[in-house]
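Dropping the sequence and predicted coords here.
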Amino acid sequence: MTLLELKNKFISLKSFEPTDLNQLMDFLQQNYLNGEVTFQHYRALIRELELSGANKPN
């Protein structure tokens, strides 16, 4: 899964675009916990999101 695929899945399920990268990160984590994303894809996408400016809440 790519970041673009993740964003498109978010839009498809929620019917609106994510307002920021943190929202995509939360969505990715939910998908991982539900078994919809492999660990390898999860790590790669988390890394990409963090490099783009996303961060986990304190």
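Cool, got the structure. All of these numbers come straight from a predicted model, not from anything done at the bench. Numbers count the residues shown, from 1 in each chain.

Buried residues, stretch 48-58. List them.
48-49, 54 (16 or more other C-beta atoms under 10 Å). (Glycine included, C-beta is placed from N, CA and C.)

which residues are in contact with that stretch?
For stretch 48-58, contacts defined as C-beta atoms under 8 Å, 6 or more residues apart in numbering pick out 3, 20-22, 24-25, 28.

Residue 3 - how many residues pack around it?
Look at residue 3: counted by other C-beta atoms under 10 Å, it has 15 neighbours.

my bad, should have said residue 39
Residue 39: 8 neighbours (other C-beta under 10 Å).

Give me the pLDDT value at residue 55.
Note on residue 55: pLDDT of 88.

what about it, distance to residue 20?
10 Å (C-beta to C-beta, to the nearest Å).

Could you measure from the closest residue in space to residue 17 that isn't next to it in sequence over to residue 52?
The spatial neighbour of residue 17 that comes closest, neighbours along the chain excluded (C-beta to C-beta, 6 or more residues apart in numbering), is residue 11 at 5.7 Å. For residue 11, the distance to residue 52 (C-beta to C-beta) stands at 17 Å.

One more: residue 42?
In this view, residue 42 and residue 52 are 16 Å apart by C-beta to C-beta.

And for residue 31?
Taking C-beta to C-beta, one finds residue 31 at 18 Å from residue 52.

same thing with residue 12?
As for residue 12, its distance to residue 52 is 21 Å (criterion: C-beta to C-beta).

same question, residue 25
In terms of C-beta to C-beta, residue 25 sits 10 Å off from residue 52.

Could you find the closest non-adjacent residue to the residue nearest the centre of the chain?
Central residue of the chain (C-alpha atoms, centre = their mean): residue 28, 3.2 Å from the mean position. Closest residue to residue 28 apart from its sequence neighbours, by C-beta to C-beta, 6+ apart: residue 45 at 5.5 Å.

wait, the one you found sits on residue 5?
No: taking contacts as C-beta atoms under 8 Å, residue 45 lies outside contact range of residue 5: 9.4 Å.

Please say which of those two ends up with more neighbours.
The neighbour comparison of residue 45 against residue 5 (other C-beta under 10 Å) goes to residue 45, with 23 against 11.

Work out for me the element the more buried one sits within.
Per DSSP states H and E: residue 45 is located in helix 39-51.
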